[in-house]
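A.B. asks: no sequence on this one, just coordinates:
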């Protein structure tokens, strides 16, 4: 009997393959970064071929490290950066354009136009999303309108769309030779094209963007033994392994954090921050700037929904300190540098590089560092960067409490930034509630593995998954109420300075 489950975790900056045992303990992993293509200000692209090649490499290397083969895996799950849009030719298997990444803002005019004539309200109600550059529908429209030949190929049925889960699945299951064109409810929900109630593509929404339905993958549950076929022996697994789970990365982290009960919430700290609050099988429509989204659908069970607060730039702001400003050599250095000062020295950094996402949804915002004086040093800028991660999360928590009426008692956290203990202490201070990190901080891959394993009986039910969750570290707040209020007031003043910086037609 197979003793392990694998997970492909295709993220914004890298791709990895992780292998877990029945206790949810990591057995092996391999990870490779891919290039961030920045053709002009506000444009962010990836090379889909490079992502597929990196995926093949990390799978082969991780299996080799563990001394395992395809037959040792009960199943494989896929989790992925959501909204990032790939369109390729079914005949050649070649992308028809670089992938347009979720952070990209080139579709701001498309998004703004949707709100002028009432279409935006239809999208909000039916898809649970505000019209924004973030989501895939506008990216598909942009490619159809701006890349020669794609519209014609789409109308012939030769151009296929997918988020990166669909692109990888198609390649893993055969590519040009019978590759499966499928996605799950969580990824489909990030397009502005899926009806939250029917969990299917909506013809009126497709019409808003001029998108032929033939381009779109079939929507399946997030976890199902019959859903996604199997890997090809000629592929990176060198054998057949059932692919039985797909979840967008933030929904995968929700499953990995075992937030299976209404009212349970998690916050993932990666390139951006993404907080999800389980609302059960009820669709809760936000009045405070949040997204209503499927959290997961396990087999034939009803879909479970969530409120989500999406923040575009958090961990990538630390990368900006490293790559663009050059004031740190590596991401881990941000903690050491920020710790050299006791506070931000009056400096606030709002990293609105791609506009502001939840709860503001302002594509006209741009990044700003405010409050500088001759007294300030690069240590204050580093601390302001960590505080920006935490203040943006507080804005989302406040919106969730407004929508749900439930006060957060403890925040479960995961993702790479949680290794920065100063940042997590600041988060507890800013929120005024404890912050809890699990033993397995990389819960995105774990959640995809859980979805795959549940489908094949590797794990029997979600109670068995709860038993695997253990706390690694907890941070208690140290600020008093006055300090917390003063700090947040300064943050909101800084946010106000970023608004209206770009003219959006």
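C.D. replies: That came in fine, so what should we check first? Predicted model only: the values in this text are computed from it and were never measured.

A.B. asks: The most far-flung residue of the chain relative to its centre: which element?
C.D. replies: Distance to the chain centre peaks in the chain at residue 374, reaching 38.2 Å (criterion: CA atoms, centre = their mean). In the assignment (DSSP states H and E), residue 374 maps to no helix and no strand.

A.B. asks: In three-state terms, how would the residue nearest to residue 2 when sequence neighbours are not counted be classified?
C.D. replies: Closest residue to residue 2 apart from its sequence neighbours, by CB to CB, 6 or more residues apart in numbering: residue 74 at 3.9 Å. In this view, the C-beta of every residue, glycine as well, is placed from N, C-alpha and C. Look at residue 74: counting by DSSP: H, G, I helix; E, B strand; the rest coil, its state is strand.

A.B. asks: if I look at residue 74, how far off is residue 32?
C.D. replies: Noted for residue 74: a distance of 25 Å to residue 32, by CB to CB, to the nearest Å.

A.B. asks: Give me the more crowded residue out of the two.
C.D. replies: Neighbour count, other CB atoms under 10 Å: between residue 74 and residue 32, residue 74 has more, with 23 against 16.

A.B. asks: correct me, but the more buried one touches residue 19?
C.D. replies: No - using CB atoms under 8 Å, residue 74 is not in contact with residue 19; the gap is 10.9 Å.

A.B. asks: Can you get me a residue count around residue 197?
C.D. replies: 11.

A.B. asks: That one: which element?
C.D. replies: In the assignment (DSSP H and E), residue 197 maps to no helix and no strand.

A.B. asks: Show me the strands in the stretch 251-400 of the chain, by range?
C.D. replies: All strands of the stretch 251-400 of the chain, identified by DSSP state E, counting those that start in this stretch, fall at 265-269, 273-280, 291-296, 304-311, 348-350, 368-370.

A.B. asks: and the angle from the third one to strand 273-280?
C.D. replies: For strand 291-296 against strand 273-280, the angle between stretch directions is 70 degrees (axes from the mean of the first three to the mean of the last three CA atoms, to 10 degrees).

A.B. asks: which residues are in contact with the helix or strand harbouring residue 247?
C.D. replies: Using DSSP H and E, residue 247 sits in strand 243-248. Contacting residues not belonging to strand 243-248 are listed as 75-80, 82, 163, 165, 169, 172-173, 182-184, 186-187, 190, 220, 222-225, 227-231, 255, 296, 447-456 [CB atoms under 8 Å, 6 or more residues apart in numbering].

A.B. asks: Equivalent analysis for stretch 310-319, please.
C.D. replies: Residues outside stretch 310-319 that contact it (CB under 8 Å, 6+ apart): 12-13, 103, 134, 250, 269-274, 291, 328, 331, 334, 349, 351-358, 367, 385-386, 388-389, 392-393, 396, 415-417.

A.B. asks: Select only the buried ones of these in ChimeraX?
C.D. replies: A single ChimeraX command selects the buried members of those (16 or more other CB atoms under 10 Å):
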select :12,13,103,134,250,269,270,271,272,273,274,291,328,331,334,349,351,352,353,354,355,356,357,358,367,385,386,388,389,392,393,396,415,416,417
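
A.B. asks: For stretch 4-21, which residues meet the burial criterion?
C.D. replies: 4-20.

A.B. asks: model confidence over it, on average?
C.D. replies: In this model, stretch 4-21 carries a mean pLDDT of 95.

A.B. asks: and if you look at stretch 375-386?
C.D. replies: On average, the pLDDT along stretch 375-386 is 96.

A.B. asks: Also stretch 225-232?
C.D. replies: Averaged across stretch 225-232, pLDDT comes to 88.

A.B. asks: now stretch 65-76
C.D. replies: Stretch 65-76 shows an average pLDDT of 94 in the prediction.

A.B. asks: count of neighbours near the closest residue to residue 184 other than its chain neighbours?
C.D. replies: The spatially closest residue to residue 184, leaving aside those adjacent along the chain, is residue 246, at 4.1 Å (CB to CB, 6+ apart). A count of nearby residues for residue 246, using other CB under 10 Å, gives 34.

A.B. asks: Now residue 39: closest residue in space that isn't a chain neighbour?
C.D. replies: Leaving out its chain neighbours, the residue that sits closest to residue 39 by CB to CB, 6+ apart is residue 45, at 6.5 Å.

A.B. asks: For the one you found, grab phi and psi.
C.D. replies: With angles defined as degrees, to the nearest 10, residue 45 sits at phi -130, psi 160.

A.B. asks: Bridge partners for it, pull those for me.
C.D. replies: Assessed by DSSP bridges, residue 45 has beta-bridge partners residue 37, residue 100.

A.B. asks: Please report the distance of it from residue 103.
C.D. replies: Distance from residue 45 to residue 103, counting by CB to CB: 10 Å.

A.B. asks: what do you get for residue 253?
C.D. replies: 18 Å.

A.B. asks: circling back to that earlier point, from the contacts of stretch 310-319, which land in helices?
C.D. replies: Among these, the ones falling in helices (DSSP state H) are 250, 334, 385, 386, 388, 389, 392, 393, 396.

A.B. asks: who touches the fifth one in this structure?
C.D. replies: Residue 388 makes contact with 314, 317, 348, 349, 350, 351, 491, according to CB under 8 Å, 6+ apart.

A.B. asks: Kindly report the same for the first one.
C.D. replies: Under the criterion of CB under 8 Å, 6+ apart, the neighbours of residue 250 are 82, 268, 274, 276, 308, 310, 444.

A.B. asks: What pLDDT does the model give it?
C.D. replies: In this model, residue 250 is scored at 92, pLDDT.

A.B. asks: circling back to that earlier point, can I get the contacts of residue 388 in JSON lines including pLDDT and distance to residue 502?
C.D. replies: Below are the contacts of residue 388 laid out as JSON lines (pLDDT from 0 to 100; distance: CB to CB, whole Å):
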{"residue": "314", "pLDDT": "91", "distance to residue 502": "21"}
{"residue": "317", "pLDDT": "92", "distance to residue 502": "18"}
{"residue": "348", "pLDDT": "97", "distance to residue 502": "20"}
{"residue": "349", "pLDDT": "96", "distance to residue 502": "18"}
{"residue": "350", "pLDDT": "96", "distance to residue 502": "14"}
{"residue": "351", "pLDDT": "95", "distance to residue 502": "15"}
{"residue": "491", "pLDDT": "97", "distance to residue 502": "21"}
